[in-house]
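Asker: Sequence and predicted structure, then a few things I'm wondering about:
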Amino acid sequence: MDTSTALARIERCGIVVVLRGRFPPNTALPVVETLLQAGLDAIEFTTNSAQALEALQAARAAFGADVCAGMGTVLEADAAQRALNAGADFLVAPSFSPAVVAAAQAADRLIAPGVITPTECVDAWALGVRLLKLFPIGPLGLDYFRTLRGPLDQMAFMCNGGIDDANAGEFIRAGALACGTGWPVGDGSSPLEWVRDRARRLRRVVDAARGVPGSLMV
């Protein structure tokens, strides 16, 4: 999946669900299936989770183009290359590393580096980054996002860190292209019914923020 396609998929979904914790393939696959059924098809595995590369590959094999599967917590160029070799559609990082950006761009894969200051935003955007992960935005709050985005509204932001059903809609309404969160899935130990309920709720929250007809219905 090239950069433009992955960006369009994330924008359409509005949520990137982060699987961080105990999500080896046998746990990840039913969770991903549950998320897909709830209308959440952008999934971020993370390098500091159990068997993350194997879980990404299993999801790609099981669900094909139905899932937009990325790798998060990508801190170095070598880790970026391993994720790309495993078939990641996009990469996400908590930090801004030009080397990681370059690795993703060389493969025409979407990269969302972590930024939090105006200088980081401008520097990353100048390198051709098309989606900025604003992290950790939750503790800083909605006012910080609005203030930062004011002069930078030509940039696309994904808001991460402390995002849940109570604030995801507010960030979307304030101009975020998407939000990233592990809130719907927990750490891999939660029952699928719990995941399904949270995923459906988050889907409704984002749809309501976007004014999708019928979005407040179960």
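Answerer: Yep, that arrived. Computed from a prediction, not measured in an experiment: that's the story for all the values here.

Asker: what's the spacing between the helix or strand of the chain with the lowest mean pLDDT and its chain's center?
Answerer: Lowest mean confidence among the helices and strands of the chain (mean pLDDT, DSSP states H and E): helix 137-140, at a mean of 96. From the chain centre to the centre of helix 137-140 is a distance of 16 Å (CA atoms, centre = their mean, to the nearest Å).

Asker: Other residues contacting it?
Answerer: Here helix 137-140 makes contact (CB atoms under 8 Å, 6 or more residues apart in numbering) with 116, 144, 145, 159, 160, 161, 162, 163, 167, 171. For every residue, glycine as well, the C-beta is placed using N, CA and C.

Asker: next one: stretch 90-104
Answerer: Contacts for stretch 90-104 (CB under 8 Å, 6+ apart): 1, 6, 10, 16, 44, 68, 70-77, 79-81, 83-84, 109-115, 120, 123-124, 127-129, 133, 135, 180.

Asker: swap in stretch 27-45?
Answerer: 9-10, 13, 15-19, 23, 52-53, 55-56, 58-59, 62-63, 66-72, 90, 92, 178, 180, 184-185, 188, 192, 195-196, 199-200, 202-203.

Asker: try 7 Å this time
Answerer: Residues outside stretch 27-45 that contact it (CB atoms under 7 Å, 6 or more residues apart in numbering) are 9-10, 13, 15-19, 23, 52, 55-56, 58-59, 62-63, 66-72, 92, 180, 185, 188, 192, 195-196, 199-200, 203.

Asker: Filter the contacts of stretch 90-104 down to the buried ones and hand me the ChimeraX line.
Answerer: ChimeraX command restricting those to the buried ones, with burial defined by 16 or more other CB atoms under 10 Å:
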select :1,6,10,16,44,68,70,71,72,73,74,75,77,79,80,81,83,84,109,110,111,112,113,114,115,120,124,129,133,135,180
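
Asker: Which of the contacts of stretch 90-104 fall in strands?
Answerer: 16, 44, 68, 70-72, 110-112, 114-115, 133, 180 (DSSP state E).

Asker: Just the closest of those to residue 153, please.
Answerer: residue 115 (15.1 Å; CB to CB).

Asker: Tell me who's in contact with that closest one.
Answerer: Applying CB under 7 Å, 6+ apart, the residues near residue 115 are 96, 121, 124, 132, 133, 134.

Asker: For beta bridges, what are the partners of the residue nearest to the fifth one when sequence neighbours are not counted?
Answerer: Just to be clear, that refers to residue 133. Excluding the flanking residues, the one nearest residue 133 by CB to CB, 6 or more residues apart in numbering is residue 112, at 4.3 Å. Here residue 112 sits in beta bridges with residue 92, going by DSSP bridges.

Asker: now residue 112: how far from residue 2?
Answerer: 15 Å (CB to CB, to the nearest Å).
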